[in-house]
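Novice: Coordinates for the following, if possible.
(chains A, B and C)
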Amino acid sequence: MQYLRIKKKKQFSKLLKGGKRAHSELLTIIYLPDNEKKMAVCVGKKYGKSVVRNRIKRLLREAYRANAERLSPTAMLLIPKVAEEYSFAAFSREIARLFRKEKLLEDPTAEGISPKCKAAEKDGV
RNA sequence: CGAGCGGGCUGCGCGGCCGCGGCGCAUUUUUGCGACGAGGAAAGUCCGGGCAUCGCAGGGCAGGACGCCUGAUAACGUCAGGUGAAGGCGACUUUAAGGAAAGUGCAACAGAAAUAGACCGCCGCUCACGCGGCAAGGGUGGAAAGGCGAGGUAAGAGCUCACCGACGGGACGGUAACGCCCCGUGCCAUGUAAACCCCGUCCGAUGCAAGGUUGGGCUGUGCUCCUAUGGGUUGCCCGCCCGAGUACAGCCGCGAAUACCGCUUGAGCUUGCCGGUGACGGUAAGCCUAGAUAAAUGACCGCGCUCGACAGAACCCGGCUUAUAGGUCCGCCUCGAAGU
RNA sequence: GCGGGAAUAGCUCAGUGGUAGAGCGUCACCUUGCCAAGGUGAAUGUCGCGGGUUCGAGUCUCGUUUCCCGCU
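Specialist: Numbering: from 1, shown residues only, chains lettered A, B, ... in the order given. Sure, this is the predicted structure:
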């Protein structure tokens, strides 16, 4: 599953200015239609030490990757909320829910999620 | 068997599958394959270096750091071995440990008195008031003119003597710190130098966001400060150097907190041998072991167990300090109890 | 990443090594028919935390925690 990383300051300010926002209990996404799939993760110092911050970034990137299969070309910024614990299953479930809610999937008739997420949902974490 | 002391090692493992980072080789333009990919503290940024730029190839003042001795080292505030002191029955541990006889400051309260004296007291003279002698005892304090015993005395006092301590001199051992012995001096005088300070040793400043290359070139119009009351150079002084900053318009290549270099082969790691009590040094062979830049290690499944702590490289090394679930090993180590 | 600084009463700040203070706020009383203003009095600190030096640390010193600022 290919996607690009957002790196330039210009792209960030464009996204923050004109992007649409969607919230859930665990995270906020800011997105804007683009010609390619782009994403970035935003984890500042308030989340904890470097080990904790790295952990959050990895979990978010992996959760995005697992759900980005049928995503329409969109630039997206993922911002988690401060919590005691962070888990992949919860992030993945929330991202999938937000994508459906905001109708960002290319084929809206197919309600299917990746088998990985189904397993995660079964665990009910 | 119990309680300790000192020192070291390790920091979940195996397999499958999807994914990430740079590298190499193919493929030729985005894919495939391959090996590699965080730590003992990567942390705090407390010291010391390398490297780079600036200054100078000059000096002085100020400031800072360190401080028993010898050694190790590129260097250190680090390390090793030793000395003294303090603590512990002991194995052992801790130690910013020069100078108070260069000078200055401070020592609240209490206490008679804080570097200087006599409150209670003791003794002599006197009917008494009082005068004189004394510093043993009491009391205050962190500290009150070495300690303790004997002689001595009116009472006392190193006044005298023995022992211990202090100071001075000498011999011996040791590279030295120092140790030990002998002789002498009755002992002119508290503590604090992590108070100023003195003595000795060392230190130019700034830090990879250092710094370099590209980032256009040319032309025109200007503006600001200025040949010394300015600017730069280290906090200051002497000395030294002299131009600097910026706006607008035009043409071809259009990302600029960017791209590339610095950027990982180095006081490197492993093993053996040699020298040294040791830190460490020498030598031979082998090895290449992260290099990102909105910043790489994650998700899922299966198995095992003690159910996995502290924690993530950002120019690189040597230390220090702080955090750390546990597991495990070593020592003709120490103490206690019981038995032989 | 690199370099600086701060922490004292509820708040804003003082504080030579010797009993921790000021202003505002709080509480009680006086004044008033009542409130405000005014007056009188009182309470309030592990001096961020843990060692060390000292007879004695808010102060000196070492470590540590949290916060703030500067450098592109």
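Novice: my guess is residue A:35 meets residue A:73, correct?
Specialist: Yes - in this structure, residue A:35 is within contact of residue A:73 by CB atoms under 8 Å, at 5.7 Å. For the C-beta atoms, the positions are set from N, CA and C on the backbone; glycine is no exception.
Novice: In terms of neighbours, single out the busier of these two.
Specialist: Legend: neighbour count by other CB atoms under 10 Å for residue A:35 and residue A:73, higher for residue A:73 (13 against 8).
Novice: pretty sure that one is touching residue A:39, no?
Specialist: No - between residue A:73 and residue A:39 there is no contact under CB under 8 Å: 11.5 Å.
Novice: could you pull out the strands for chain A?
Specialist: A:4-5, A:20-23, A:27-33, A:38-41, A:74-80 (DSSP state E).
Novice: Pull up the pairing partners for the first one, direction included.
Specialist: If I follow you right, that is strand A:4-5. Here strand A:4-5 has these sheet partners by DSSP bridges: strand A:38-41 (parallel).
Novice: Now do the partner strand: distance to the chain's middle.
Specialist: Centroid displacement of strand A:38-41 relative to its chain, using CA atoms, centre = their mean, to the nearest Å, is 8 Å.
Novice: ok, residues contacting that strand?
Specialist: Residues outside strand A:38-41 that contact it (CB atoms under 8 Å, 6 or more residues apart in numbering): A:3-7, A:11-12, A:56-57, A:60-61, A:64, A:68, A:74-78.
Novice: one more time with 7 Å
Specialist: Residues outside strand A:38-41 that contact it (CB atoms under 7 Å, 6 or more residues apart in numbering) are A:3, A:4, A:5, A:6, A:57, A:60, A:61, A:64, A:75, A:76, A:77, A:78.
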